[in-house]
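Chemist: Fold the following, please.
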Amino acid sequence: MSTSNEKKSADFLKQGGILAMASLLVRIIGMVYRIPMSNILGEEGNGIYAVAFEIYDLILIISSYSLPLALSKIISAQQANREHRNTGRTLKVALRFAVLSGGAFALLLFFGAGVIERTIYPEYSGVQIPLRVLAPTIFIVALLGVFRGFFQGKKTMVPTAVSQIIEQIINAIVSVAASYLFMKWNIESLQQAAWGAAGGTLGTCLGAASALLLVLFVYWIYRPVQTKLERRDRTGREETYGTLFKILLLTILPIVLSQTVYNISGLIDYKLFGWLSANRGMDPVAIKSFVGVYSSKYRLLCSVPIAISTAIASSMIPSAVAAYTEKDVSQWKYNISSAVKFNMIIAIPCAMGLTVLGQPVVRMLFASSNFVLGGHMMTVGASAIVFYALSNVTGGALQSIDKMRMPVIHSAISLVIHVGIVAFFLSYTNVGVYALLIGNITFPLVVFILNLRAIKRYVPSYRQEVVKTFLAPLSASFWMALAALAVYGGLGFVISSNLIRTLFAVCVAVLVYFAAFLLLKGLTKEELFDFPMGRRMYLVARKMGLMK
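Modeler: Numbering: from 1, shown residues only. Purely as a prediction, here's the structure:
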């Protein structure tokens, strides 16, 4: 591989690393604040919160969630062709789209919340209360997404990363405080759990508003640079606003459809579980409680490593689009291969760790709730992390070569299979809520297989290296799991504290994985340098005798 390709890949990996580290920090903050909030709301409140957020996420995706990804794709292609005037005009078009779409769907959610509860989710009474609190967030996030997409198209992930961290900090503080106060103020209400969930969603709204103020300030600083670039544009290309709007819409639609299919699976799962479980005689409070455990334990913990894969896939697209625009197939393949490898280095040990230490981790974080069921869910369903990582990256690869419809088609096919699997297990077996886990594993697995087949068809020369990408992380994770179980079990003879035993086991697991992966030569020195803090990790590895 050429030095030029390696340098370009290093640049995208570092930008992806910035976004991935921010996403990791955001998820950690999210997990930390969800612990007290989960305990405040109780399982019933968590169930209402989960359903409200699934509805909100779906409407957000339809209205504006695709804007950062779509805008970054369009602007990165314009940047590669030095069309700076079109870059500025695209931003204006996107802002108008965000105002119209975000505003319309915000009003729709606010005034339609009662109808959604009565006609679609009667099993989750009270869900309209948090939905109305979430409604203004649709409009705020639409505007926020435009500026994030603009800067990502410029190949800088810093504004997105910093704004995500600020957003989550405000979200965490407000969510915990508001959920506690709303529960306290409505202690006599039959809808106390729903009001508590509404308090949690208030943090989402105020967090997004704070992030929007930050990116507006960054753009205000950057605006003179953009103006200067537009004045120096010598390409002579200036698209009409109508043409740019059409380009934006054609780019958004496939992403919207793909993401809608991804997210609607959660709503369908909750509806199927509520409906079929009620038909078999399950109590409504029990239904909301099972969904609460599934969403606030299993899905929350899995979302941390999945967020990293999403960040890498998002940061990969501008560089991959530029390589495709410049007809540099070699660079494109190198970017995709690097993204897959980076994802597997993180996703495989996370999945293995949560499989063997699922119950201790859930017990450590959620001691006052049903940690036994939550722990069993982690053991059964943690492998989904790997498949979501692979489906995210391969979907981004197809989008980067203008095969925007393929991830949509693949997600739709997988959704049909997913619904059949979940409905079958809920109707004809006694696995109960574990049917949702089975569906959560098979859905991204099918998407990944179909995405990979399409990539092979459109780029026949693409080959993913197997040994260092998959086998080395898997082998290192195996030794990591053995070490973690040995430490956790061994300490049980000396100390009874689950917190101390789990923390020691996790620390040992990280060190063992790091050492085993480098001993297996999973990374070269140059590849390690491409990672965030790679040089520091190399110095540590050299002192430990793991690298030369």
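Chemist: tally of neighbours for residue 281?
Modeler: Using other C-beta atoms under 10 Å, residue 281 has 6 other residues around it. Glycine gets a C-beta too; all of them are placed from N, C-alpha and C.
Chemist: Now do it against residue 435, distance only.
Modeler: Using C-beta to C-beta, to the nearest Å, residue 281 is found at 16 Å from residue 435.
Chemist: How about residue 90?
Modeler: Taken as C-beta to C-beta, the span from residue 90 to residue 435 is 44 Å.
Chemist: The residue nearest to residue 450 when sequence neighbours are not counted: neighbouring residues, count only.
Modeler: Closest residue to residue 450 apart from its sequence neighbours, by C-beta to C-beta, 6 or more residues apart in numbering: residue 410 at 3.8 Å. Using other C-beta under 10 Å, residue 410 has 25 neighbouring residues.
Chemist: Next: residue 525.
Modeler: Neighbours of residue 525 using other C-beta under 10 Å come to 13.
Chemist: what do you get for residue 120?
Modeler: Residues near residue 120, counting by other C-beta under 10 Å: 14.
Chemist: mind saving the C-alpha coords of the strand or helix carrying residue 541 as PDB?
Modeler: Taking DSSP states H and E as the definition, one finds residue 541 inside helix 534-543. Extracted in PDB, the C-alpha atoms of helix 534-543 (Å, rounded to 0.1, in the frame of the first residue of the first chain):
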ATOM      1  CA  GLY A 534      -1.400   5.800  19.500                       C
ATOM      2  CA  ARG A 535       2.100   7.000  20.300                       C
ATOM      3  CA  ARG A 536       1.500   6.800  24.100                       C
ATOM      4  CA  MET A 537       0.100   3.300  23.700                       C
ATOM      5  CA  TYR A 538       3.200   2.300  21.700                       C
ATOM      6  CA  LEU A 539       5.600   3.600  24.400                       C
ATOM      7  CA  VAL A 540       3.700   1.600  27.000                       C
ATOM      8  CA  ALA A 541       3.700  -1.500  24.700                       C
ATOM      9  CA  ARG A 542       7.500  -1.100  24.100                       C
ATOM     10  CA  LYS A 543       8.200  -0.900  27.800                       C
END
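Chemist: thinking residue 210 is in contact with residue 167, fair?
Modeler: Yes - Residue 210 lies in contact with residue 167 (C-beta atoms under 8 Å); the separation is 6.2 Å.
Chemist: Neighbour count for those two, which is higher?
Modeler: Using other C-beta under 10 Å, the more surrounded residue of residue 210 and residue 167 is residue 167, with 25 against 18.
Chemist: Just give the closest residue to that one, not the sequence neighbours.
Modeler: Once flanking residues are discounted, residue 167 sits nearest to residue 211: 3.7 Å by C-beta to C-beta, 6+ apart.
Chemist: Does that neighbour touch residue 166 like I think?
Modeler: Yes - proximity of residue 211 to residue 166 meets the contact threshold set by C-beta under 8 Å, at 5.7 Å.
Chemist: Looking at these two, which one has more neighbours?
Modeler: residue 211 (27 against 17).
Chemist: Need the per-residue pLDDT for that one.
Modeler: We have a pLDDT of 92 for residue 211.
Chemist: likewise residue 30?
Modeler: On the pLDDT scale, residue 30 gets 68.
Chemist: next one: residue 537
Modeler: So, for residue 537, pLDDT stands at 74.
Chemist: Ok, residue 351 next?
Modeler: So, for residue 351, pLDDT stands at 93.
Chemist: what about it, distance to residue 441?
Modeler: Note on residue 351: its distance to residue 441, by C-beta to C-beta, is 10 Å.
Chemist: which residues are common contacts for the two?
Modeler: Shared contacts of residue 351 and residue 441, defined by C-beta atoms under 8 Å, 6 or more residues apart in numbering, are found at 383-384.
Chemist: between the two, who's got more neighbours?
Modeler: Between residue 351 and residue 441, residue 351 has the larger neighbour count (other C-beta under 10 Å), namely 24 against 20.
Chemist: Report the spatially closest residue to the more buried one, excluding sequence-adjacent ones.
Modeler: residue 385 (4.3 Å).
Chemist: Please, where are all the helices along the stretch 1-150 of the chain?
Modeler: 3-60, 67-80, 84-119, 128-153 (DSSP state H, counting those that start in this stretch).
Chemist: Quick one, which of the ones you listed gets closest to residue 356.
Modeler: Nearest of those to residue 356, taken as C-beta to C-beta: helix 3-60 at 19.0 Å.
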